[in-house]
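# Build me a model:
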Amino acid sequence: MPSNRLTTEDLHVVVLGHGPDGASLTQLFSSGKDWDVSDRVTTDRLVDVIILAGTKNLDSSQIDLYKQQHPEVLVLASRSLTQDQVCWEEVGEFVDDLFDSPNELMERLPFLLKRVALRNARRQQFEAVFLNAVDAIIIINRSGRIIRVNKAAEAVFQYNAAELWGKNVSMLMPESYARNHDGYIRNYLQTGVKKVLGIGREVEGQRKNGEVFPMELALSEFQSKGDPFFAGFVRDITERRRLEHEVLRTSEHERRRVGQDLHDGLGQMLTGISLIAGNLAQKLGQEHHLLAEDMAEVVELVRDADRMSRTIARGLVPVELDGEGLPAAIDGLCTNARKFFSVDCRFSQEGRPRIQDSSAVSNLYRIAQEAISNAVKHGRAKRIDVSLRAVGGELVLTVMDDGVGFPHTLTKNRGMGVDIMGYRARVINARLAINRRDEGGTIITCVLSYQN
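You can find the predicted model right below:
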């Protein structure tokens, strides 16, 4: 649409409402060959001017939705509408100017067209950024209803703009997020407490075909005529997640390979050396050789090295290729914590998870390992309770301690453990939560959905 249209050419005017002014205006506009006149607002056509000419059959919701989507549209109303209190209460907030008669409106038309041109110029500046942005942008009102989307949003969610206009934004979320979304908006509007505004976070979206995908979401708020609106900036990170998953899978494969090499290669070699050295030490001892004691010490050192290599190998390859080995591996973590850190670490299990994805199993183990380590080193815990529950297609890992508690605010100098746990959870599409316990200590919960 041209930015400076000061003639009536191609001007799209919508006359709404039935009454004497409505009939006259429709006739006046229709008599000019350059006017494009209609009696309804549609989402597939841009409107320059909306004229409210009568109180009958005047749908305020239609104007409201279009005005939210296109705030630059000029809304003019017959002064006679102000005499109908009920009607004016519904539409008055959308009106930019009043006119006394159809003829007066026609006389003022050149000045009105200048206002349209200025609005069009501002609109085109906005459209240049909004429509062609690389990231998906979705604008909603205080009720959570979609009033604008750009091309990237249409591509990401696989809906066209007409299918989304006026619908609740929760349609773009899986059920786990959708059922709470409107409550988040209401809570913010009532309390003013910002929990997610201005903060980028990773959540899940849902495409038209039902596919759930990972995305980065940032939210911002703006005001228009005193009403709050929210803009969501979305980036589809499906490909990034796939690459990260592949990197972790490759890393886990290399870890297993090194562990097996330690066990089968170096471990076997050290065992052989230990046997040979043991025989030699025995012969030297029988001969009362001066080097017998030194040789016996060498034997013990080789055996220590053998035990150490096998311990390292078990740490590198702790979990079998399916979910059956996960409980035993985590139980082993608790045993080692009791042995090496003198902490009361207990493991409990409910149900039998059968997870086919070995990468998911390995990452869950690493999350448990990091959580126990943090509880001992940073939380100074004396008691750690680890549980693994398989309930209703979900595997829930919980690590709870009685330490000093998780800090309310993480410092920049914090270790990488927490970030790595979050990273591992995101890669396997699990939900990780870290919270302080009211009675003291920290509780870490990781929930993985899986199919039997």
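
# And the average pLDDT for the lengthiest helix in the chain is what?
When the chain is parsed with DSSP state H, its longest helix is helix 292-316. Helix 292-316 shows a mean pLDDT of 81.

# just checking, what packs against it?
helix 238-260, helix 267-286 (3 or more C-beta pairs under 8 Å, 6 or more residues apart in numbering; DSSP states H and E). All C-beta spots, glycine's among them, are computed from the backbone N, C-alpha and C.

# buried residues in the helix or strand just after it?
Under the assignment DSSP states H and E, the closest C-terminal helix or strand after helix 292-316 is helix 325-341. Neighbour-count burial for helix 325-341 flags Gly325, Leu326, Pro327, Ala329, Ile330, Asp331, Gly332, Leu333, Cys334, Asn336, Ala337, Phe341 (criterion: 16 or more other C-beta atoms under 10 Å).

# Let me see the confidence value for Asn168.
90.

# what do you get for Glu9?
47.

# which stretches of the stretch 1-150 of the chain form strands?
11-16, 35-38, 49-52, 74-78, 97-99, 136-141, 146-149 (DSSP state E, counting those that start in this stretch).

# Can you list the low-confidence ranges for the stretch 51-200 of the chain?
182, 192-199 (pLDDT under 70).

# most centrally placed residue in this structure?
Geometric centre of the chain, nearest residue: Val203, 1.6 Å, by C-alpha atoms, centre = their mean.

# List the beta-bridge partners for it.
Beta-bridge partners for Val203, by DSSP bridges, are Met215.

# what pLDDT does Leu243 get?
82.

# Count the residues that sit near it.
12 (other C-beta atoms under 10 Å).

# again, but for Val399
Neighbours around Val399, by other C-beta under 10 Å: 27.

# and it, helix, strand or coil?
Of the three states, Val399 takes strand under DSSP: H, G, I helix; E, B strand; the rest coil.

# domains in the chain, as residue ranges please.
The chain is divided into the following domains under automatic domain parsing: 11-130, 136-236, 238-317, 321-452.

# Rounded mean pLDDT for the last one, please.
It refers to domain 321-452. Computed over domain 321-452, the mean pLDDT rounds to 84.

# what's the helix or strand for Ile355?
Per DSSP H and E, there is no helix or strand for Ile355.

# Got the phi and psi for it?
Main-chain torsions, Ile355, degrees, to the nearest 10: phi -100, psi 130.

# count of neighbours near it?
Counted with other C-beta under 10 Å, residues neighbouring Ile355 total 20.

# who's in contact with Phe406?
Gly379, Ile434, Asn435, Arg436, Thr442 (C-beta atoms under 8 Å, 6 or more residues apart in numbering).

# Make sure Val14 is actually in contact with Leu52.
No. In this structure Val14 lies outside contact range of Leu52 using C-beta atoms under 8 Å: 9.6 Å.

# Pick out whichever of the two has more residues nearby.
With neighbours defined as other C-beta under 10 Å, Val14 and Leu52 compare such that Leu52 has more, 28 against 23.

# Give me the distance between Gly272 and Glu93.
From Gly272 across to Glu93, the span is 88 Å (C-beta to C-beta, to the nearest Å).

# ok so Ala178 is a helix residue?
Yes. Membership of Ala178 in a helix is supported by three-state DSSP.

# what about it, distance to Gly205?
Going from Ala178 to Gly205 by C-beta to C-beta gives 11 Å.

# can you check Lys382 too?
From Lys382 over to Gly205 (counting by C-beta to C-beta), the distance is 43 Å.

# Compare these two (neighbour count), which wins?
Gly205 (20 against 15).

# and that one, helix, strand or coil?
Following three-state DSSP, Gly205 is assigned to strand.

# In terms of pLDDT, where does it sit?
92.

# Could you find the closest non-adjacent residue to it?
Among residues not flanking Gly205 along the chain, Met215 sits closest, at 4.7 Å (C-beta to C-beta, 6 or more residues apart in numbering).

# so that neighbour sits right up against Gly200, yeah?
No. With contact defined as C-beta under 8 Å, Met215 does not count as touching Gly200 (10.8 Å).

# residues touching Leu248, list them.
Applying C-beta under 8 Å, 6+ apart, the residues contacting Leu248 are Ser359, Asn363, Arg424, Val427.
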